[in-house]
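> any chance you can model this:
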Amino acid sequence: MSFIESALQANRELFQLLHVKGLEESHYQSFAIGAGGDLSSGIDLVAEKIFIQHLLPFGTIVSEESGVIENPTSSIRIVLDPIDGSDNLLSNLPYYGTSIAYFENDKCTKAIITNLANGDIFIKDEMGLRRGKLEKNTLSPVTCNAFSKVGIFERSYCSLRVHDTLKIAKIKYRSPGAFALSLAYAHDVSFVLYEGKMRTYDIEAGLFMCEDLYTFCEGDIFLVSKDKEIFARIKSLFISN
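Got it, this is the predicted structure:
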């Protein structure tokens, strides 16, 4: 079984757990602070266990929850966020997913991001960036949405300067709360913006999927957009301030 198919199988197992079996009381409990710096919930750890079972045979896993899980027989590195947006999941907000990046010789060559709320999957490998549904076997190429009306500004609630800057510029955005998943939708929305410290678990798979888009990363500001004019307009706000 290929790496991508194994990743899909893990996502399907997790999707089944969430939508058929349902969350249990233990899934809501908080445990120790994970490698990514956030408290790990029960569902974070359950999801991580599922991915380890499916993906560890392919290489060493670097997970947001447990950190490095070694596979001494492989030089492959797999960067994993078992649940992206777990606070949304535990609050019954339908915007959460998983993020997996596959590295060969320190270069990302495969990635899969899944929206566990609605079953959207995004896969990028040697065949390009494609999207589909977990329950279906068909994938179609990702194209840019020419009619997008809003962008995404992740972690806007803790913004020190970006929120007011966008407000003055009258730039519309939403803040759904799952950065990796938002990067997967970057071809659909006007832009994706992030302010703060960026972690490898959040960004690796999404960055790989956004290689064909305009990207700006300086200090604590990260911006990606499919639209050259929108990208230049937002970027100029931070260069001049």
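
> first to last residue in stretch 224-231, what's the distance?
The stretch stretch 224-231 measures 7 Å between its terminal residues, going by C-alpha to C-alpha, to the nearest Å.

> in that stretch, which residues are buried?
Residues of stretch 224-231 classed as buried under the neighbour-count rule (16 or more other C-beta atoms under 10 Å) are 224-227, 230-231. For glycine as for every other residue, the C-beta is placed from the backbone atoms N, C-alpha and C.

> the protein: helices as residue ranges?
With helices called from DSSP state H, the chain shows them at 3-16, 25-28, 42-55, 86-90, 162-169, 179-184, 200-209, 228-239.

> hey, which of those helices is tucked in deepest?
Highest mean neighbour count of those: helix 179-184, a mean of 28 (counted as mean count of other C-beta atoms under 10 Å).

> pLDDT weak spots in this protein?
Along the chain, the parts satisfying pLDDT under 70 run over 26, 29-39, 239-241.

> hang on, the earlier thing: the helices of the chain: which one's closest to Ile61?
Of all the helices of the chain, helix 42-55 sits nearest to Ile61, with 6.1 Å by C-beta to C-beta.

> pretty sure Asp220 is touching Val162, no?
No - with contacts counted by C-beta atoms under 8 Å, Asp220 stays clear of Val162, the gap being 9.1 Å.

> that older thread, quick one: which of the buried residues of stretch 224-231 is nearest to Cys158?
Checking the buried residues of stretch 224-231 against Cys158 by C-beta to C-beta gives Val224 as the nearest, at 19.6 Å.

> show the contacting residues for that closest one.
When the contact criterion is C-beta atoms under 8 Å, 6 or more residues apart in numbering, the partners of Val224 are 183, 186, 191-192, 210, 213-216, 231.

> change it to 10 Å
When contacts are counted by C-beta atoms under 10 Å, 6 or more residues apart in numbering, Val224 touches 151-152, 182-183, 186-187, 189, 191-194, 206-207, 209-211, 213-217, 231.

> mind listing which of the residues you listed are in strands?
Here DSSP state E is the test, and those give 151-152, 192-194, 214-217 as lying in strands.

> picking that back up, what would the buried residues of stretch 224-231 look like in TSV with distance to Pro94?
Compiled in TSV, the buried residues of stretch 224-231 are given as follows (distance: C-beta to C-beta, whole Å):
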residue	distance to Pro94
Val224	23
Ser225	25
Lys226	24
Asp227	27
Ile230	27
Phe231	29
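
> tell me which of the residues you listed is nearest to Arg130?
Lys226 (16.5 Å).

> just to revisit the earlier point, generate a ChimeraX selection restricted to the buried entries among the ones in strands among the contacts of Val224.
A single ChimeraX command selects the buried members of the ones in strands among the contacts of Val224 (16+ other C-beta under 10 Å):
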select :151,152,192,193,194,214,215,216
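
> export the ones in strands among the contacts of Val224 to a markdown table and tack on distance to Leu129?
Shown next, in a markdown table, are these (distance: C-beta to C-beta, whole Å):
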| residue | distance to Leu129 |
| --- | --- |
| Gly151 | 19 |
| Ile152 | 18 |
| Val192 | 15 |
| Leu193 | 20 |
| Tyr194 | 20 |
| Tyr214 | 16 |
| Thr215 | 15 |
| Phe216 | 20 |
| Cys217 | 20 |
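
> tell me the one of the ones in strands among the contacts of Val224 nearest Ile113?
Nearest to Ile113, judged by C-beta to C-beta, of the ones in strands among the contacts of Val224 is Val192 at 12.5 Å.
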